[in-house]
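Colleague: requesting a structural model of the entry that follows:
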Amino acid sequence: MMKILAPFVLLYKYRSMLWQTTKNDIRSRFAGSVLGMLWLFFYPLLLLGAYAAVYLFVFKVKFQLFDSNEYVVLIFCGLIPFLGFSEALSLGVGSVVSSANLMKNTLFPIELVPVKAVLAAQCTQVTGLFMLLIVLGILSKWTLWMPFFIVIWILQILFSSGLIWILSSINVYARDLQNIVSVLILFLMLVSPIAYTEDMIPPEMRPFLAANPVYYLIVSYQDVLMLGHFPRGSIFWILLLISFFTFIFGYWFFMKMKRVFADNV
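Modeller: Take a look at the predicted model:
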C-alpha cells in the first residue's frame, strides 16, 4: 500500500516548493518576449483558427447536432487538453537531462522535475479553458456537468506525470527520444478525435482509436463541457484506470531507473 501511495505522498510533502518553482519556470519562460504571457491566449486561438478553416472550408464537415459556431467550440474542447498534454510531453521528456545539477539535491528531489514540467505546461490549458468557459456561457452551454472537467483535468495531470516519469528516465539513456517526441505529438494530433467524432470513423478503424489514451481524455472533455453529460460508456472509467496506473507505475519506474542516473547524465 505504501508503494502505491508513495507518489501522492511525495507531491504532498513538496507541494509548496513545487508550486514556487513551477511559477518561476513560467515567468522565466516568457521573460524577454514582446507579447509575454499574451502568447498563452494567441497560441490556442491561432491553432483553433487553422483547425476550423481546414475542417469547415476545406473538408466542409457538417454535423446534424451542431451549427458552425458550435462545431468550432467542440474542436476547442478537444484542442485545449491536447495542447496541455503535448506541451507537457515536450517540456518533460528532456527535463531530467537538463536538470543534472539536481541529481544529488536533497532539497528538491530529481523526481519532482518531470512533475514540475507537467505543471508548468498547464498554463496554456488554463488560459484556453478560461476562454472556452466564456464562450460556452455565451452559447448557453453551461450545465451541471461542466464542473466535472476539473476531475478530468486532475486525471490528465496524473497520466501526464506518470508518462513523463517513464519517458524522461528512458531519455537519460536514449537521448534520441526527445527528438522523436515532436513527431509523436504530430502523430497524436492527427489520430486524436479533436475535430472529428467517433461516428465519423469506419467501424474497422475504431479499435485503433481506442488504443490511443488521448482519445479518452479528449472525449471526456467534450462530453462534459460541450455535450453536457457524463462521459459516454466506459470512457471515463478507462481514463481513470489508465491515469492512476500510469502515475503509480511511472513513479516506480523512475525510482528504479534513478539509481543509475548519475553514471549517464
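Colleague: residue contacts, the residue nearest the centre of the chain?
Modeller: Nearest to the mean C-alpha position of the chain, by Cα atoms, centre = their mean, lies Phe85 at 1.9 Å. Contacts for Phe85 (Cβ atoms under 8 Å, 6 or more residues apart in numbering) come out as Gln156, Ser160, Val214, Leu217. No exception for glycine: its C-beta is placed from N, CA and C like everyone else's.
Colleague: taking those one by one, which sit in helices?
Modeller: Among these, the residues falling in helices (DSSP state H) are Gln156, Ser160, Val214, Leu217.
Colleague: now neighbour count, pLDDT and distance to Ser99 too, for these, in CSV please.
Modeller: Formatted as CSV, the ones in helices among the contacts of Phe85 follow (neighbours: other Cβ atoms under 10 Å; pLDDT from 0 to 100; distance: Cβ to Cβ, whole Å):
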residue, neighbour count, pLDDT, distance to Ser99
Gln156, 24, 96, 23
Ser160, 29, 96, 18
Val214, 20, 93, 26
Leu217, 27, 95, 27
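Colleague: out of those residues, which two sit at the greatest distance?
Modeller: The distance between the two most remote of those (Cβ to Cβ) is 10.3 Å, for Ser160 and Val214.
Colleague: least trustworthy helix or strand in this structure by mean pLDDT?
Modeller: helix 39-53 (a mean of 73; mean pLDDT, DSSP states H and E).
Colleague: give the buried residues for it.
Modeller: If you call a residue buried by 16 or more other Cβ atoms under 10 Å, then helix 39-53 has these buried ones: Trp39, Leu40, Pro44, Leu47, Leu48, Tyr51, Ala52.
Colleague: so what's the fourth one closest to, chain neighbours aside?
Modeller: By that I understand Leu47. In space, and not counting its chain neighbours, Leu47 is closest to Leu79: 6.4 Å by Cβ to Cβ, 6 or more residues apart in numbering.
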